[in-house]
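Undergrad: How does the following fold in three dimensions:
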Amino acid sequence: LPARAPFDGAGVLGFLGLRAVAGVENFESGVYRRAVRLPAGTATVALSLAGTPEAPFVSCAATLDELADLAPLVSRVRRLLDLDADAAAIDAALAADPALAPAVARVPGIRVPGSMSPEETLFRALIGQQISVAAARTLLGRLAEALGDRLPAERGGWTLFPTAAQIAAGGRGVLRGPVARIDTIMRVAEALACGELWLDVGESKEDLSARLMAVKGIGPWTAGYVSMRVLGSPDVLLTSDLAIRQGAARLGLPDAAVPLAAHGAAWAPWRSYAGMHLWRALAG
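TA: Numbering: from 1, shown residues only. As a prediction, this is how the structure comes out:
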């Protein structure tokens, strides 16, 4: 699968690997692997980097239940790794800010990680709020192990992340943490399972955000994060995110939400990519 150069493939795979949920996905020796549900069945997929810096591409090895799912799988992988971003234009726009230019020079072609499953991404955002990445992985792994379906041994024995219906039926007995958070997760699972709430990759950021924030317990951070990853919205700056503000401080940018938002207005329409640079600045 070709990517538009420059392509920070190692960064986007590393982002996914750092957050990999045991049983559902893993990241070893530069290869990201996972199981996923598709419209006609399931698939396992392995993604690794190939090509050259001038002509990068991603090697995608997949095993599918149904060949009809090949096109949907390729589409999801391209969104997951943001392969179609106009990286040269994005870099040029962000490097026009002297405070951000060194970060762009260090990481050309940065990508915004997407999503293989909109519902899974929403649950991961809800469960991972205000806790460490390691703690979120533990909670998500426990949820998947308890409620997710397993592929047969000849397919690697992978676990499929639980559906909204599975979480609605059994999540309360598995989830741990503040009662309010658990109530929100269960409310979302029940709404998704019965069709009262839905996620459509073709809709606008404004429509999705409004629908999400109409659910009690979902705020702007979750709506923005899900819009960024599920819709591929290029212009979301999560100024309420502590890690983004800390990363901004390391680059000499304002580290309070309001002044950071004001400064970041000049990064439009690529604020999601600027936010990835701020996260990376904190990670090092």
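Undergrad: Only C-alpha atoms from now on, for both contacts and neighbour counts.
TA: Fine.
Undergrad: Mind listing what's buried along stretch 211-229?
TA: 212, 217-218, 221-229 (16 or more other CA atoms under 10 Å).
Undergrad: swap that for stretch 82-94, sorry
TA: In stretch 82-94, counting by 16+ other CA under 10 Å, buried: 82-83, 85-87, 90-91, 93-94.
Undergrad: show me what contacts Leu160?
TA: With contacts defined as CA atoms under 8 Å, 6 or more residues apart in numbering, the neighbours of Leu160 are 24, 35-37, 144, 148-151.
Undergrad: For the buried ones among the residues you listed, write the corresponding PyMOL selection.
TA: A single PyMOL command selects the buried members of the contacts of Leu160 (16+ other CA under 10 Å):
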select buried, resi 24+35+36+37+144+148+149+150+151
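Undergrad: Just send the contacts of Leu160 back as TSV, with pLDDT too.
TA: Shown next, in TSV, are the contacts of Leu160 (pLDDT from 0 to 100):
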residue	pLDDT
Val24	98
Ala35	98
Val36	98
Arg37	97
Ala144	98
Gly148	98
Asp149	98
Arg150	97
Leu151	97
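Undergrad: Identify the farthest-apart pair in the contacts of Leu160.
TA: Greatest spatial distance among these (CA to CA): Arg37 and Ala144, at 13.7 Å.
Undergrad: any idea where the strands of the stretch 1-150 of the chain begin and end?
TA: 25-28, 31-37, 42-51, 56-64 (DSSP state E, counting those that start in this stretch).
Undergrad: Show residues contacting stretch 44-63.
TA: Counting by CA under 8 Å, 6+ apart, 1-7, 9-10, 30-36, 43, 64, 155 sit against stretch 44-63.
Undergrad: Quick one: buried ones out of these?
TA: 3-7, 9, 31-36, 43, 64.
Undergrad: Dump these into JSON lines; add distance to Leu199 as well.
TA: As requested, these are arranged in JSON lines below (distance: CA to CA, whole Å):
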{"residue": "Ala3", "distance to Leu199": "26"}
{"residue": "Arg4", "distance to Leu199": "27"}
{"residue": "Ala5", "distance to Leu199": "30"}
{"residue": "Pro6", "distance to Leu199": "31"}
{"residue": "Phe7", "distance to Leu199": "28"}
{"residue": "Gly9", "distance to Leu199": "27"}
{"residue": "Val31", "distance to Leu199": "29"}
{"residue": "Tyr32", "distance to Leu199": "25"}
{"residue": "Arg33", "distance to Leu199": "24"}
{"residue": "Arg34", "distance to Leu199": "22"}
{"residue": "Ala35", "distance to Leu199": "20"}
{"residue": "Val36", "distance to Leu199": "17"}
{"residue": "Ala43", "distance to Leu199": "21"}
{"residue": "Leu64", "distance to Leu199": "24"}
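Undergrad: from those, which two are the most distant?
TA: So, these by CA to CA: farthest apart are Pro6 and Leu64, at 30.4 Å.
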